[in-house]
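Peer 1: sequence below, structure please.
(2 chains)
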Amino acid sequence: MTAKKSEGFERPDGRKPNELRKITAKVGIIPNADGSAIFAFGDTVAIAAVYGPRKMHPQHAQDPERGTLRCNYNMLSFSVTERIRPGPSRRSTEISKITEWALKPVVMIDKFQGNVVDVHINVLQANASTRCAGINAAAMALAHAGIPMKDLVQSVSIGKLDKYLVADLIKEEEDWEEGEGATDIPITLTGDGKISHIQLDGKITRKQLNDVIELAKEVTKEVYEAQKKALKEAGGEK
Amino acid sequence: MIETPKLTEERIKEYLREGRRFDDRKLDEFREIKIETGVSKNAEGSARVKIGKTEVLVGVKMDVSEPYPDSLDKGNLMVSAELLPLSSPRFESGPPQFDAIELARVIDRGVRESKFIELEKLCIKKGEKVWTVFIDIYSINDDGNLLDAAGFGAIAALKDAKIPKYDEETGKTLFGEWSNKKIPLSKEIPLSLTIHKVGNSLIVDPNKEEEDISETRVTIASCDGVIHAIQKGNEKELSIEEFNKILDLVEKTEREIFKKIEKSLK
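Peer 2: Here you go, the predicted model:
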């Protein structure tokens, strides 16, 4: 329904409005980790590794009431055209926390008192939507590690380019300048269709925002299928 | 850490279910907002915002620098925030922690995405010299809702700011001397408002006790009903229905708050 409104709009890479880039999803890519996964939307490639649950150090950081989920998002210096200075930035600090919040509703680690589950996400190659690819990889890696979860989460970026809604933005679309320009809305949904993460930059009306959520609901199904398929293929193997 | 005790938490939630709050406010009612501008002599613009006992100071400074490679003909905007140890027993000295980073980034996006500052008018020489606008936020007393206090403060300080004098020959900014020009701003004023979900109740302007037990918040920067930035924070998910209620509440609160603080933003 939403896609129809965007009919006739030409995306730079020729995709349909509701068409995601080719998804690559696989688990078990890092032998040392308790769980690991790779998730790619076309050229945007993220890997994630889970370590834990294990005792939280230092001891004073331990939460006696419940386990701690700790996410770390990082971009490799050469993952983008202009080199990023290695190490944490304000942006990566924020995305790390956003990722943690996006996953928290489905990760059942309340019983792991005093323990921590670490999720390390690295973006190997970036062409926009990196936080979404990272969240998708992280959810798979957690499931692969056998961490109790209510469900997976699926993340996707929805964009409003001029007046048209499209799914899974590439860099060229993020920088859209014609008409009303670009509005970028990364969203993460839980299996039961709740919002565990939403951010927005740009300009949008209330009504359009409702269409954005509808489109996200529609296209995250494909992400979910890809995640499940990858996990099934791995069976119980690490 | 001195956080809100469990017993108080239960009590607050019980009150909220009945539509009440400890300080007799309605769920959608702000504490008293006081905005004062021109509070710092050496800043280009400044504001002190009080929401109840919460207080922030926001200053605007400017300097001439090179433009960013992706915006050669536009001025730069940089927002930073420090949660000062003097403003709460919970804050410690040292490099900015997540809360301060997020605060600055959320305010940055509200101001930037609403195009409140006409950055294209702050270009001195394309590709070489542009004005950089620094918005620096400091907490003075944290009794909850620093996010909204900082947002009001940023707008008020920008409204207050004059551009410093600039010597084109030497290429130096004459700090402490001001031109008669103000920072070019759009007529429409963006407001950044945060809605919290405490238990199953949606509230505005939480005090510290309420903020402690809030499980989810959504900050929305909007201008005349058009949304420019959203940040969902904290770990609880929201149903789409709840998210829509939040948007309703923002719309309603935006109008009310705007009427209240309009005068201080002249």
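Peer 1: use CA for all of it now, contacts and neighbours both
Peer 2: Will do.
Peer 1: chain center to the helix or strand hosting B:Glu9: distance?
Peer 2: Using DSSP states H and E, B:Glu9 falls within helix B:6-17. Mean-position distance between helix B:6-17 and its chain equals 28 Å (C-alpha atoms, centre = their mean, to the nearest Å).
Peer 1: after it, which helix or strand is next? Please name it.
Peer 2: Counting by DSSP H and E, the next helix or strand C-terminal to helix B:6-17 is strand B:33-37.
Peer 1: put the alpha carbons of that next one into CSV.
Peer 2: C-alpha atoms of strand B:33-37 as CSV (Å, rounded to 0.1, in the frame of the first residue of the first chain):
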residue,chain,number,x,y,z
ILE,B,33,9.6,27.1,33.2
LYS,B,34,11.8,30.1,33.5
ILE,B,35,14.0,31.3,30.7
GLU,B,36,16.4,34.1,31.1
THR,B,37,18.7,35.3,28.3
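Peer 1: need the contact list for the residue nearest to A:Thr190 when sequence neighbours are not counted.
Peer 2: Spatial nearest neighbour of A:Thr190, chain neighbours left out: A:Val153 (4.5 Å); criterion: C-alpha to C-alpha, 6 or more residues apart in numbering or on different chains. Applying C-alpha atoms under 8 Å, 6 or more residues apart in numbering or on different chains to A:Val153 gives the contacts A:102-103, A:106, A:135-136, A:139, A:188-191, A:224.
Peer 1: so where's the chain shaky on pLDDT?
Peer 2: You didn't say which chain, so I picked chain A. In the predicted model, chain A carries pLDDT under 70 at residues A:1-5, A:236-238.
Peer 1: wrong chain, I was asking about chain B
Peer 2: Across chain B, the ranges flagged by pLDDT under 70 are B:1-2.
Peer 1: the longest helix in it is where?
Peer 2: Taking DSSP state H as the criterion, chain B has its longest helix at helix B:240-261.
Peer 1: also chain A?
Peer 2: helix A:206-234.
Peer 1: ok now that helix, how far from the chain's centre?
Peer 2: Between the centre of helix A:206-234 and the centre of its chain there are 11 Å (C-alpha atoms, centre = their mean).
Peer 1: and the angle for it with helix B:240-261?
Peer 2: Here helix A:206-234 points in a direction 140 degrees away from that of helix B:240-261 (axes from the mean of the first three to the mean of the last three C-alpha atoms, to 10 degrees).
Peer 1: and helix A:206-234, what other elements does it pack with?
Peer 2: helix A:2-5, strand A:23-27, helix A:130-144, strand A:153-161, strand A:164-167, strand A:182-190 (3 or more C-alpha pairs under 8 Å, 6 or more residues apart in numbering or on different chains; DSSP states H and E).
Peer 1: next, the buried residues of that helix.
Peer 2: A:208-209, A:211-213, A:215-217, A:219-220, A:223-224, A:226-228, A:230-231 (16 or more other C-alpha atoms under 10 Å in any protein chain shown).
Peer 1: and what of stretch B:22-29?
Peer 2: Applying a neighbour-count criterion of 16+ other C-alpha under 10 Å, one finds B:27-29 buried in stretch B:22-29.
Peer 1: alpha carbons of that stretch, as PDB, please.
Peer 2: Output of stretch B:22-29 as PDB, limited to C-alpha atoms (Å, rounded to 0.1, in the frame of the first residue of the first chain):
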ATOM      1  CA  PHE B  22       3.500  13.500  43.900                       C
ATOM      2  CA  ASP B  23       3.800  17.200  43.200                       C
ATOM      3  CA  ASP B  24       0.100  17.600  42.200                       C
ATOM      4  CA  ARG B  25       0.900  18.000  38.500                       C
ATOM      5  CA  LYS B  26      -1.200  16.500  35.800                       C
ATOM      6  CA  LEU B  27       0.500  13.800  33.700                       C
ATOM      7  CA  ASP B  28       0.800  16.300  30.800                       C
ATOM      8  CA  GLU B  29       1.800  19.300  32.900                       C
END
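Peer 1: any idea what the nearest residue to B:Thr37 once chain neighbours are set aside is bridged to?
Peer 2: Leaving aside its sequence neighbours, B:Thr37 sits nearest to B:Ala47 (C-alpha to C-alpha, 6+ apart; 4.2 Å). Residues in a beta bridge with B:Ala47, per DSSP bridges, are B:Thr37, B:Val58.
Peer 1: surely B:Ala47 touches B:Lys34?
Peer 2: No: using C-alpha atoms under 8 Å, B:Ala47 is not in contact with B:Lys34, being 10.1 Å away.
Peer 1: neighbour count winner among those two?
Peer 2: Higher neighbour count among B:Ala47 and B:Lys34: B:Ala47, with 31 against 15, using other C-alpha atoms under 10 Å in any protein chain shown.
Peer 1: contacts only, for that one.
Peer 2: Applying C-alpha under 8 Å, 6+ apart to B:Ala47 gives the contacts B:35-40, B:57-59, B:153-154, B:156-157, B:160.
Peer 1: residues of the stretch 101-250 of chain B that sit close to chain A?
Peer 2: Within reach of chain A by C-alpha under 8 Å from any C-alpha of the partner chain, the stretch 101-250 of chain B has these residues: B:101-102, B:109, B:113-114, B:225-240, B:247.
Peer 1: if we use 6 Å, what do you get?
Peer 2: Contact residues, the stretch 101-250 of chain B versus chain A (C-alpha under 6 Å from any C-alpha of the partner chain): B:113, B:226-232, B:234-239.
Peer 1: in JSON lines: the residues you listed, plus neighbour count.
Peer 2: Listed next are these as JSON lines, based on neighbours: other C-alpha atoms under 10 Å in any protein chain shown:
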{"residue": "B:Glu113", "neighbour count": "20"}
{"residue": "B:Val226", "neighbour count": "16"}
{"residue": "B:Ile227", "neighbour count": "26"}
{"residue": "B:His228", "neighbour count": "26"}
{"residue": "B:Ala229", "neighbour count": "28"}
{"residue": "B:Ile230", "neighbour count": "23"}
{"residue": "B:Gln231", "neighbour count": "22"}
{"residue": "B:Lys232", "neighbour count": "26"}
{"residue": "B:Asn234", "neighbour count": "20"}
{"residue": "B:Glu235", "neighbour count": "21"}
{"residue": "B:Lys236", "neighbour count": "21"}
{"residue": "B:Glu237", "neighbour count": "27"}
{"residue": "B:Leu238", "neighbour count": "24"}
{"residue": "B:Ser239", "neighbour count": "15"}
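Peer 1: which ones among the residues you listed are found in strands?
Peer 2: B:226-232 (DSSP state E).
Peer 1: kindly provide the distance from B:Glu113 to A:Ala128.
Peer 2: Note on B:Glu113: its distance to A:Ala128, by C-alpha to C-alpha, to the nearest Å, is 18 Å.
Peer 1: please apply the same query to A:Glu65.
Peer 2: Distance from A:Glu65 to A:Ala128, counting by C-alpha to C-alpha: 38 Å.
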